[in-house]
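Participant: Quick one, fold the following:
(2 chains)
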Number of protein chains: 2
Amino acid sequence: MSAKNAFYAQSGGVTAVINASACGVIETARRHTDKIANVYAGRNGIIGALTEDLIDTSQESDEAIAALRYTPSGAFGSCRYKLKSLEANRREYERLIEVFKAHDIGYFFYNGGGDSADTCYKVSQLSEALGYPVQAIHVPKTVDNDLPITDNCPGFGSVAKYIATSALEASFDVRSMAKTSTKVFVLEVMGRHAGWIAAAGGLIEDHDIPVMILFPEIEFDQERFLASVKDKVERSGFCTILVSEGAKYPDGRFLAEQGTRDAFGHAQLGGAAPVVANMIKDATGYKFHWAVADYLQRAARHLASKTDVEQAYAMGRAGVEFALAGHNAVMPTVKRLSSDPYAWEVGEAPLSEVANVEKFMPRDFISEDGFGITPICKEYLIPLIQGEDYPPFEQGLPKYVTLKNASVERRLPSFEL
Amino acid sequence: MSAKNAFYAQSGGVTAVINASACGVIETARRHTDKIANVYAGRNGIIGALTEDLIDTSQESDEAIAALRYTPSGAFGSCRYKLKSLEANRREYERLIEVFKAHDIGYFFYNGGGDSADTCYKVSQLSEALGYPVQAIHVPKTVDNDLPITDNCPGFGSVAKYIATSALEASFDVRSMAKTSTKVFVLEVMGRHAGWIAAAGGLIEDHDIPVMILFPEIEFDQERFLASVKDKVERSGFCTILVSEGAKYPDGRFLAEQGTRDAFGHAQLGGAAPVVANMIKDATGYKFHWAVADYLQRAARHLASKTDVEQAYAMGRAGVEFALAGHNAVMPTVKRLSSDPYAWEVGEAPLSEVANVEKFMPRDFISEDGFGITPICKEYLIPLIQGEDYPPFEQGLPKYVTLKNASVERRLPSFEL
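Facilitator: Numbering: from 1, shown residues only, chains lettered A, B, ... in the order given. The predicted structure is shown next:
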């Protein structure tokens, strides 16, 4: 069998370590040029494949590819573009196969979350049906940590480390100021559906910080929440609160959407953090500060978890190895062997079982009162934030790489998205 | 002369490196027990002196004091409590001297910004007048970088490094997503009066990031701003914006205060970032993300500037050395000798020239259009963010110290604040 090309694309929200997976894919492919001639990357994710806008990664030096390991964000561009069912999007799926055929692509590595696992699965099925079989491998990535089967998702450990560290540092700050000034600090974190990131903030409880968490999985009980904040401030002098962007009232409204309007009547300027902070102020009079971490949290490669970086790289490498071993429609996973000492190995999951399944915080990871995490949750989280893996710095700032991203010549007529 | 005790207090908003100054004060004092018997710290800043709530630092081990060098926040507590004029607050100034006398305190080290320099100056004057002369030394600290005479203020370099790094990382993220999603990222930073922190974000321009800055020093020109954002997005595909919390309209209103109301009519939930982000959305339709760094920026010891840590320590040490040499009513300063290569030495400023003077961004540090920084501003900033000085980590989180903070026995009747 002569060597085929591979196609790699990044999907959805990027992370501090998705490029480490790209690095794992490309470096591993470069060691198997007998089977993988070249890796083409999609410019801006799957849109690059649909529009035949491919990047020739062979034009990047080994050094540039190695630097992906410590460069956050998506080096080839990503996109939010969901291919729906084969029925609804058949034209697009067929176009993908056409582009793969035109560029002699036999391997499809799709680096993303739940939606991209689904797309990846469908590509594998359709390519078979259309007589141009492509080995489709999904490389897991999501800060939301909501993919099934895998013990955790690359991208999550680094956000968890960043949020727990930031919450710890800010809590020390508040503790210093609480006597005459700020008594409550509210930090809003990502997590529209699952509270994994907010949960990481709970780790600072073991550093003597009074902390409360508002999970998307737990209906917000305003009265109990305010009583508990008051109790914590009275006992410790201060309190730190982590709120998921997806925290909701019992009627399903997001806390962030509680009717905030600007002077012109435009809806919803703010996030959940100012809403929670002001609610506390109104009920207790406590002076507050709030922060919204937003992109800072998922881009913070300067404080990545070493475990996370290693796993992200390993998922990319394993994806290529699975493909070389003839596997199809699978996703490498992280399989935990032991928590203390932490040990893990690469596992494998069929995409049919990954696609369209979301993993929420188990109820027994959340404390009975709904505002904290349990010891088994801590046991789960702690290994994922282990180790530091600092990027190189130059002139005081991280020295991240920007690739050349040279285009592959087009061979097909253009295609309207 | 027999050894006297020293009093040390932290004032105002804390920083990532104010404890490094405390470390410099205490370690240096411990090397001169012939002259400084013990260092008492004020619990919660100057309030601790007024209420005779003193902390006995001799009960802390050398290891614990050494750990202050890498622990953010104020280890003894700080406060926002301004002593005004001698006329208005004479009773409190006299109480300070009384407490100093009762505990045989001959040295007063006050670690803070402009207000505390003023207090420190008055204590020195009054103690003389009252016949119990105390050597009062101000140790500079402020993330706002607005003290005069000193080239820069300990605390600022670390915030600058954190903000520039975070803005760079988030910009890489936005660049990845801009094709189909977020095109504008807005990061709100501290700086009520002076734009030094926002200016640090301008350093990412040299990493090919289209960036705009809204300074408190420059009246906000909405029309020109929006036109420039649009131009940048059209040319580069995305744009990053740093907004100072103190950015203002020509009529003096803060951007953050533009009449935001929640469902109950309560004023001002949000900060400047969501206001700017929504303004751009309304004018251009661009999808945006915004973050408010708040305490995260000034507490982020995990990404401190090595230069800043060294200078913070050196200011504490120099403060003690000045006192031992008999100086009074002075502040150690950072004196820049050269920018490239960076060289500095400790200088000395009389408090009479420091008190009540605020240093703003010079106009020639701000680009002509008012939205960026100039080469001489970069030359000023770059040395201040040089070097990394990571704290130790344990179980994935920084291992910061919490002191015992044992109380000194009271000798005086209580005092009502």
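Participant: Relative to the centre of chain A, find the outermost residue for me.
Facilitator: residue A:180 (38.7 Å; C-alpha atoms, centre = their mean).
Participant: Ramachandran coordinates for the closest residue in space to that residue that isn't next to it in sequence?
Facilitator: Leaving aside its sequence neighbours, residue A:180 sits nearest to residue B:79 (C-beta to C-beta, 6 or more residues apart in numbering or on different chains; 4.2 Å). Placement of C-beta: from N, CA and C, glycine included. For residue B:79, the backbone dihedrals are phi -160, psi 160 (criterion: degrees, to the nearest 10).
Participant: cool, and residue A:346?
Facilitator: Taking degrees, to the nearest 10 as the convention, residue A:346 sits at phi -80, psi 130.
Participant: Counting neighbours, what do you get for it?
Facilitator: Look at residue A:346: counted by other C-beta atoms under 10 Å in any protein chain shown, it has 17 neighbours.
Participant: The nearest residue to it once chain neighbours are set aside: what's it in contact with?
Facilitator: With sequence-adjacent residues excluded and distances taken as C-beta to C-beta, 6+ apart, residue A:346 is closest to residue A:318, at 4.6 Å. Going by C-beta atoms under 8 Å, 6 or more residues apart in numbering or on different chains, residue A:318 touches A:24, A:332, A:346, A:348.
Participant: from these, which is closest to chain B?
Facilitator: residue A:24 (18.0 Å; C-beta to the nearest C-beta).
Participant: Now do the closest one, the pLDDT please.
Facilitator: At residue A:24, the pLDDT value in this model is 98.
Participant: again, but for the one 10 residues further on
Facilitator: Among the per-residue scores, residue A:34 shows a pLDDT of 97.
Participant: Not counting its neighbours along the chain, what's nearest it?
Facilitator: The nearest residue in space to residue A:34 (C-beta to C-beta, 6+ apart) is residue A:3, at 6.0 Å.
Participant: and what of residue A:402?
Facilitator: That would be residue B:208: by C-beta to C-beta, 6+ apart, it lies 6.8 Å from residue A:402.
Participant: Hmm, the one you found is touching residue A:400, no?
Facilitator: No. If you go by C-beta atoms under 8 Å, residue B:208 and residue A:400 don't touch, sitting 10.8 Å apart.
Participant: that older thread, mean confidence for whichever strand or helix holds the residue nearest to residue A:346?
Facilitator: Element membership for residue A:318, per DSSP states H and E: helix A:306-324. The average pLDDT within helix A:306-324 is 98.
Participant: After that helix, which helix or strand is next?
Facilitator: strand A:330-339.
Participant: I'd like to check the angle between that following strand and helix A:306-324, please.
Facilitator: 140 degrees (axes from the mean of the first three to the mean of the last three C-alpha atoms, to 10 degrees).
Participant: Sketch out the helices for the stretch 251-400 of chain A, chain order is fine.
Facilitator: A:272-284, A:295-299, A:306-324, A:351-354, A:375-381 (DSSP state H, counting those that start in this stretch).
Participant: Might you report the residue contacts of residue A:314?
Facilitator: A:24, A:332, A:346.
Participant: Also residue A:215?
Facilitator: A:195, A:198, A:199, A:244, A:247, A:361, A:366, A:370.
Participant: between those, which is nearest chain B?
Facilitator: residue A:199 (13.9 Å).
Participant: Which neighbouring elements make contact with the strand or helix carrying that closest one?
Facilitator: For residue A:199, the host element (DSSP H and E) is helix A:196-201. On a contact count with 3 or more C-beta pairs under 8 Å, 6 or more residues apart in numbering or on different chains; DSSP states H and E, helix A:196-201 meets helix A:156-177, strand A:184-189, strand A:211-214, strand A:239-244, helix A:375-381.
Participant: what about those, which gets the closest to chain B?
Facilitator: helix A:156-177 (3.6 Å).
Participant: So what's the model's average confidence on the closest one?
Facilitator: pLDDT averaged over helix A:156-177 gives 98.
Participant: quick one, phi/psi of residue A:109?
Facilitator: Given degrees, to the nearest 10, the pair of backbone angles that residue A:109 has is phi -110, psi 120.
Participant: Repeat that for residue A:72.
Facilitator: phi -70, psi 170.
Participant: Could you do the one 10 residues further on as well?
Facilitator: Reported as degrees, to the nearest 10, the phi and psi values for residue A:82 are phi -100, psi 120.
Participant: Look at it and report its pLDDT.
Facilitator: 85.
Participant: OK, contacts around it?
Facilitator: Going by C-beta under 8 Å, 6+ apart, residue A:82 touches A:115, A:119.
Participant: run the last query once more with 10 Å
Facilitator: A:11, A:12, A:46, A:89, A:115, A:116, A:118, A:119 (C-beta atoms under 10 Å, 6 or more residues apart in numbering or on different chains).
Participant: Of those residues, which are in range of chain B?
Facilitator: residue A:12 (C-beta under 10 Å from any C-beta of the partner chain).
Participant: Would you mind listing where the stretch 151-300 of chain A has pLDDT under the threshold?
Facilitator: By pLDDT under 70, the low-scoring segments of the stretch 151-300 of chain A are A:258-270.
Participant: what do you get if the cut-off is 80, keeping everything else the same?
Facilitator: A:257-270 (pLDDT under 80).
Participant: what are the ranges of the helices in the stretch 1-150 of chain A?
Facilitator: Under DSSP H, counting those that start in this stretch, the stretch 1-150 of chain A gives helices at A:18-30, A:46-50, A:62-67, A:86-102, A:114-129.
Participant: Buried deepest among the ones you listed, which one?
Facilitator: helix A:18-30 (a mean of 27; mean count of other C-beta atoms under 10 Å in any protein chain shown).
Participant: what angle sits between that helix and helix A:306-324?
Facilitator: Using the same axes, to 10 degrees: helix A:18-30 against helix A:306-324 is 40 degrees.
Participant: Give me the helices and strands touching helix A:18-30, please.
Facilitator: Under the contact definition 3 or more C-beta pairs under 10 Å, 6 or more residues apart in numbering or on different chains; DSSP states H and E, helix A:18-30 sits against strand A:4-10, strand A:36-42, helix A:62-67, strand A:105-112, strand A:135-140, helix A:306-324, helix B:156-177.
Participant: rerun that using 7 Å as the cut-off
Facilitator: strand A:4-10, strand A:36-42, helix A:62-67, strand A:105-112, helix A:306-324 (3 or more C-beta pairs under 7 Å, 6 or more residues apart in numbering or on different chains; DSSP states H and E).
Participant: orientation of that helix relative to strand A:135-140 in degrees?
Facilitator: Going by the same axes, to 10 degrees, helix A:18-30 makes 150 degrees with strand A:135-140.
Participant: Of the helices of the stretch 251-400 of chain A, which is nearest residue A:141?
Facilitator: Residue A:141 lies closest to helix A:306-324 among these, at 7.4 Å (C-beta to C-beta).
Participant: Pull up the gap between the residue lying closest to residue A:371 once chain neighbours are set aside and residue A:172, please.
Facilitator: Leaving aside its chain neighbours, residue A:371 sits nearest to residue A:212 (4.5 Å; criterion: C-beta to C-beta, 6+ apart). Counting by C-beta to C-beta, to the nearest Å, the separation of residue A:212 from residue A:172 is 17 Å.
Participant: Looking at the two now, which is surrounded by more residues?
Facilitator: Legend: neighbour count by other C-beta under 10 Å for residue A:212 and residue A:172, higher for residue A:172 (29 against 24).
Participant: The more buried one against residue B:400, yeah?
Facilitator: Yes. Judged on C-beta atoms under 7 Å, residue A:172 makes contact with residue B:400 at a distance of 6.4 Å.
Participant: what is in contact with those two at once?
Facilitator: Common neighbours of residue A:172 and residue B:400 are listed as residue B:72 (criterion: C-beta atoms under 7 Å, 6 or more residues apart in numbering or on different chains).
Participant: re earlier: need the helices and strands packed on helix A:18-30 in CSV (columns: distance to residue A:139).
Facilitator: Converted to CSV, the helices and strands packed on helix A:18-30 look like this (distance: least, C-beta to C-beta, whole Å):
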stretch, distance to residue A:139
strand A:4-10, 8
strand A:36-42, 13
helix A:62-67, 16
strand A:105-112, 4
helix A:306-324, 5
